[in-house]
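In: Output the structure for:
(2 chains)
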Amino acid sequence: MPRYNPKTIEPKWQAFWEKNRTFETSEHPPENSTGKMYVLDMFPYPSGSGLHVGHPEGYTATDIITRHARMQGKHVLHPMGWDAFGLPAEQHAIETGTHPRETTYKNIDNFRRQLQQLGFSYDWTREISTTDEDYVRWTQWIFLQLFGSWYDPDFTWTGPDGKKRTGKGRPIDDLPIPEEIQAEGEDAVRKYQDENRLAYQLEAPVNWCPKLGTVLANEEVTSDGKSDRGNHPVERRNLRQWMLRITSYAQRLITELDDLDWPESVKQLQRNWIGKSTGAEVDFLIKDQDSGISFQNWRANRSKQGFPKQSDEAVLRVYTTRPDTLYGATYMVIAPEHPFASRLTTPEQKDAVEQYIKKTAAKSDLDRTDLAKEKTGVFTGSYAYNPVNGKEIPIWIADYVLLSYGTGAIMSVPAHDERDLEFAQTFDLPVIEVVKPTDEKTPAIGFTGEGTAINSGQYDGTPTAKFKKKIAAWLEENGLGKQAVNFRLRDWLFSRQRYWGEPFPIWHELDEQGNLTGKIRPVDDSQLPVKLPDMDDFAPKGTPEPPLSAAPESWLYMTDEKGVRWRRETNSMPQWAGSCWYFLRFCDNKNSERFIDPEKEKYWMPVDLYIGGAEHAVLHLLYSRFWHKVLFDLGHLQSPEPFHKLVNQGMILGEAELTGYQTVDDKKWVSAKEVTEQDEKFIDKKNGKEVVVVNIDAEDAQKKGSDFVLNSDPSIVIVSRAHKMSKSRGNVINPDEVVEFYGADALRLYEMFMGPLEQTKPWSMSGVEGVYRFLGRVWRMIVDEKNDEQVTLSPAVQDVEPNESQLRILHKTIKAVSKDIEKLSFNTAISKMMEFTNEMSGQKTIPISVMKDFILLLSPFAPHIAEELWELLGSNESLAYAAWPKYDESKLTESEIEIPVQVNGKLRAKIKIAVDADQKTMEQTAREDANVKSHLEGKQVVKVICIPKRMVNFVVKG
RNA sequence: GCCGAAGUGGCGGAAUGGCAGACGCGCCGGACUCAAAAUCCGGUGAGGGUAAUCCUCAUGUGGGUUCGAGUCCCACCUUCGGUACCA
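Out: A predicted model of the protein is given here:
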């Protein structure tokens, strides 16, 4: 069997690695270790459809890095596991009656098989699944850490990393209890504590998806108000939910991004998601006929007493980023859910307001945002005083103001805010310009940038930036406002109404009637994990009541030592929970005492390289960082951040397709230039009629200018595009089939050769064929194909000293491949190895030593063929820990090199010169070239630029 | 609208400010073969030219900096991804 046959080689070496436990990470670093290296893939959700070609892309990249690192003497940790809770398994269970556990573990087996046949060097003894009871135990334990803590924003401390921070998550017992609450008794204290926990319950409007039978986090709802999974409609409902106080960590989540080696675009995405804004909170006195507080008295009072921490009933507190526009505030708006809404409504306005609130409450997020761009609202009948000038301004209710941001109330400055202007125009409210743009041509109304103040009393003429500072000081001095920071980030809605997730380790107290008293207590650590009860029916009931509420009584209830009945929390945790800390468990996956041994955490963390899809740029990566910081604050971890270096692999699209458009009835071609997309339909712009998409064979099309056109009618432009792989499009590539046909090495190599790791790129089966042929050439370079019986060395491969040019190409390749691996530039590394092979294959004698080094270079990319050839070249040990070849700079230099000669920057000749030729010689040699001569003829040489080893350029005139 | 990434042959892509198109695919020609597959060798940006180690043009568009720009600067266009009343 002389032909390159991955089908025999690959299983052979996979079995070898398993038997010899080649890739198990030793407890202790190897002798002469050059340090630890933790390389991690984003672990997959083991779906029923198996591995997708997108998975091996990142996994091959990390595999190359780790194999290379081992050969450099690094102590490598490279694990794999499963993010196995989640909707699809449960959905499948509902449809087929199979228990999600069964489906999940079956899918895991399939995924593991698929990954193993790709030859990844994972340490499988560290495999974990988020659904393992041992793992769930610690996920629940971490939840209890959150439950048992509060955030002290003023606490200044220095962490184990030596950095000084302000703000810390601390044990709930350390929470100072205000005297007035202490005085109210034990229940009040407990309630106060509960309200301050990092994990707390809240009655809140949530995204309820009837179809999925669950509430969703904001992040799981698309911008058009559909569920991220399944694209079902989502509506708003008030439900009791568990929330995690991620907003407390907002500032640190922004600040501590700085030291991470992440793509700047991902950092920016997180910053935008957290959305910090600075401005001021300002109190507006409500004009109140009953109390009769006059504006003057209030102002005088405030000057004395200052700005209260909590706003009182007499005022409406707003948040603004533009306190410099206070003089332009002509009305106020509160959110429909604002607690003052009904109180501010006058009897005459009562009907209108009630109707409006009802209407907006029924609106889905979809209606409240995108489609309904026109502003709606209703006047409350009440007024407030503008604190800067005492003017009475009306208070409106409108749903363009959100209760969940800032204070849920705004001052409207229609002249300088797009939304306010639109609203003012709709309801005919006054508009006062208070900022003059620096550019004369720009109209002041609608100008939202910075300029100079007008119509602002004594501040007229002040530039915006300066004005902001001045007015902030003035507000503070007069007790009317203070500087404030707001974040777009909301607390994390952490509960789901689903069966297949981690149960909360929480008990709710019941009174004698069986109603919740509001008192809760955590399950004791020693009782963890709270296992999922065995149930036959886990289907959502279409009501917010979770499936677990139908669990067996023995699971659901307990009676404590005092005879009090308790009921378990029946919500479950979201899928994100398990992925928030799995990288920690990999370091110490069998520890039964702790979630991770502190020494191991100190040794392995942070993850040195983390590769995964860009779709997790905010959610998973933000949640993980949040949990990590909480555990860090509580002293359980020494690393403040989980992932040091992050790389996003690009998406792999289907093969490029040519498509054209035809009329529905008579199948006439319509040029793509005439077609536009509307609501997922394609319309002929000329007549508004629908056209259908038709696939076109590559042979029937040609390129014309920048377009592709039909051969039969070049006036018809067609579209060439690669699309996302999807079942409906039928362009999904199954890795199993690729392996079956070309082998794992070819698949790995191809995925790396396609282009830069981070780039989106289309699949091409003939590209796979190309790298497969390359592996065949490598095989034939070393193996005697004429020998049909067994694998023997090609007669050309001999134990001889390499000549100078062989050494040069070898060392050039070692240098380039080594550098490219470090840069994660795998596509160019492979092309360098192709060049090497092209050059060496033809040679009469090929030194074994050169081949050995080359095989080592190839091994991280195509490990199976490399091991096979390594063995053939005379080794009886795996190459997995062989020393990575080193290049010798002195072997690279050539005595004579070719350099370009330019005249006025245009290439005119190439000359051969000694590598160490001085500038004079270079110029001399260049001038002697016939073509250069002809271009210099009759011209005046103004300047000669000679760059040694590079080029010569003559600058001429005339 | 805002934020981010990217525009280079028929295609995927390569190029510390210094020979544009490495490497691969595809295509064309040749060798081997009775023939085919496989393999090997050569060619392949466009246009001009009898030919050359020749000339012109060419990295989305228009300007600029520079002896020299795919690469740096300014403006614009297009595509893709994310996000959207956040005061």
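
In: List the contacts of the one residue in the stretch 51-200 of chain A that gets nearest to RNA strand B.
Out: RNA strand B sits closest to residue A:57 of the stretch 51-200 of chain A, with a gap of 12.5 Å, by Cβ to the nearest atom of the strand. For the C-beta atoms, the positions are set from N, CA and C on the backbone; glycine is no exception. By Cβ atoms under 8 Å, 6 or more residues apart in numbering, residue A:57 lies in contact with A:649-650, A:652, A:751, A:757.

In: quick check, it in a strand?
Out: No. Using DSSP: H, G, I helix; E, B strand; the rest coil, the assignment for residue A:57 is helix, not a strand.

In: Tell me, what's the model's pLDDT at it?
Out: The confidence metric pLDDT takes the value 95 at residue A:57.

In: how close does it sit to residue A:64?
Out: As defined by Cβ to Cβ, to the nearest Å, residue A:57 lies at a distance of 11 Å from residue A:64.

In: now do residue A:23
Out: 14 Å.

In: and if you look at residue A:726?
Out: 29 Å.

In: So for those two, which sits in the more crowded spot?
Out: Per other Cβ atoms under 10 Å, whichever of residue A:726 and residue A:64 has more neighbours is residue A:64, with 23 against 10.

In: Chain A - how does it break down into domains?
Out: Using automatic domain parsing, the domain ranges for chain A come out as A:36-131+A:577-649, A:144-257+A:492-568, A:276-487, A:657-721, A:735-886, A:894-957.

In: Single out the most deeply packed of those.
Out: Ranked by mean neighbour count, these are led by domain A:36-131+A:577-649 with a mean of 20 (mean count of other Cβ atoms under 10 Å).

In: What's the end-to-end length of that domain?
Out: 24 Å (Cα to Cα, to the nearest Å).

In: Run through the bridge partners of whichever residue of the stretch 601-750 of chain A sits closest to RNA strand B.
Out: Nearest residue of the stretch 601-750 of chain A to RNA strand B: residue A:703, at 3.9 Å (Cβ to the nearest atom of the strand). Beta-bridge pairing for residue A:703 (DSSP bridges): residue A:708.

In: Let's verify the residue nearest to residue A:950 when sequence neighbours are not counted: helix, strand, or coil?
Out: The shortest distance from residue A:950 to any non-neighbouring residue, by Cβ to Cβ, 6 or more residues apart in numbering, is to residue A:899 (6.3 Å). Going by three-state DSSP, the secondary structure assigned to residue A:899 is strand.

In: does residue A:899 really touch residue A:949, like I thought?
Out: Yes. Using Cβ atoms under 8 Å, residue A:899 makes contact with residue A:949 at a distance of 7.1 Å.

In: Let me know the pLDDT of the residue positioned nearest the centre of chain A.
Out: Central residue of chain A (Cα atoms, centre = their mean): residue A:617, 1.1 Å from the mean position. On pLDDT, residue A:617 comes in at 85.

In: Make sure it is actually in contact with residue A:648.
Out: Yes. Shown here, residue A:617 and residue A:648 form a contact pair, counting by Cβ under 8 Å, at 7.0 Å.

In: Common neighbours of these two, please.
Out: residue A:266.

In: thinking again about what came up before, so which of the domains of chain A comes closest to residue A:16?
Out: Shortest distance between residue A:16 and these, using Cβ to Cβ, is found for domain A:735-886: 7.0 Å.

In: how long is the closest one from one end to the other?
Out: 34 Å.

In: and what of stretch A:677-684?
Out: Termini of stretch A:677-684 sit 9 Å apart (Cα to Cα).

In: hang on, the earlier thing: quick one: contacts for the residue nearest to the centre of chain A?
Out: A:266, A:269-270, A:648.

In: The residues you listed in helices, which ones?
Out: Judged by DSSP state H, the subset of these located in helices is A:266, A:269-270.

In: In TSV, list those residues along with distance to residue A:240, neighbour count and pLDDT.
Out: As requested, these are exported to TSV (distance: Cβ to Cβ, whole Å; neighbours: other Cβ atoms under 10 Å; pLDDT from 0 to 100):
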residue	distance to residue A:240	neighbour count	pLDDT
A:266	34	19	91
A:269	32	17	90
A:270	30	19	92
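
In: Going by residue numbers, what spans are strands in the stretch 301-450 of chain A?
Out: Remark: strands assigned in the stretch 301-450 of chain A by DSSP state E, counting those that start in this stretch are A:315-320, A:331-334, A:378-385, A:392-397, A:409-412, A:435-437.

In: Figure out which of those strands is closest to RNA strand B.
Out: With Cβ to the nearest atom of the strand as the yardstick, what comes closest out of the strands of the stretch 301-450 of chain A is strand A:315-320 (3.5 Å).

In: For residue A:528, give me its contacts.
Out: Taking Cβ under 8 Å, 6+ apart, one finds A:137, A:140-141, A:505 in contact with residue A:528.

In: hmm, back to that, would you single out the least confident of the domains of chain A?
Out: Among the domains of chain A, domain A:657-721 scores lowest, with a mean of 80.

In: Using PDB, write out every CA atom in stretch A:847-861.
Out: Provided in PDB are the C-alpha atoms of stretch A:847-861 (Å, rounded to 0.1, in the frame of the first residue of the first chain):
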ATOM      1  CA  PRO A 847      18.800  13.900   3.000                       C
ATOM      2  CA  ILE A 848      16.900  12.100   5.800                       C
ATOM      3  CA  SER A 849      17.800  14.900   8.300                       C
ATOM      4  CA  VAL A 850      16.100  17.500   6.100                       C
ATOM      5  CA  MET A 851      13.000  15.400   5.800                       C
ATOM      6  CA  LYS A 852      12.900  14.800   9.500                       C
ATOM      7  CA  ASP A 853      12.900  18.500  10.300                       C
ATOM      8  CA  PHE A 854      10.300  19.100   7.600                       C
ATOM      9  CA  ILE A 855       8.000  16.400   9.000                       C
ATOM     10  CA  LEU A 856       8.300  18.000  12.500                       C
ATOM     11  CA  LEU A 857       7.100  21.300  10.900                       C
ATOM     12  CA  LEU A 858       4.200  19.600   9.200                       C
ATOM     13  CA  SER A 859       3.200  17.600  12.300                       C
ATOM     14  CA  PRO A 860       1.000  20.200  14.100                       C
ATOM     15  CA  PHE A 861      -1.000  20.700  10.900                       C
END
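
In: And RNA strand B, is that stretch touching that?
Out: No. Figure legend: stretch A:847-861 not in contact with RNA strand B (Cβ under 7 Å from any atom of the strand); closest approach 12.7 Å.

In: from the middle of its chain, how far away would that stretch be?
Out: 37 Å (Cα atoms, centre = their mean, to the nearest Å).

In: Looking from RNA strand B, tell me which residue of the stretch 701-850 of chain A is nearest.
Out: Closest point on the stretch 701-850 of chain A to RNA strand B, by Cβ to the nearest atom of the strand, is residue A:770, at 2.7 Å.

In: A helix includes that residue, no?
Out: Yes. The assignment for residue A:770 is a helix, going by three-state DSSP.

In: so who does it touch?
Out: Counting by Cβ under 8 Å, 6+ apart, residue A:770 has contacts A:750, A:753.

In: ok, now which ones touch the residue nearest to residue A:950?
Out: A:910-911, A:913, A:922, A:949-952.
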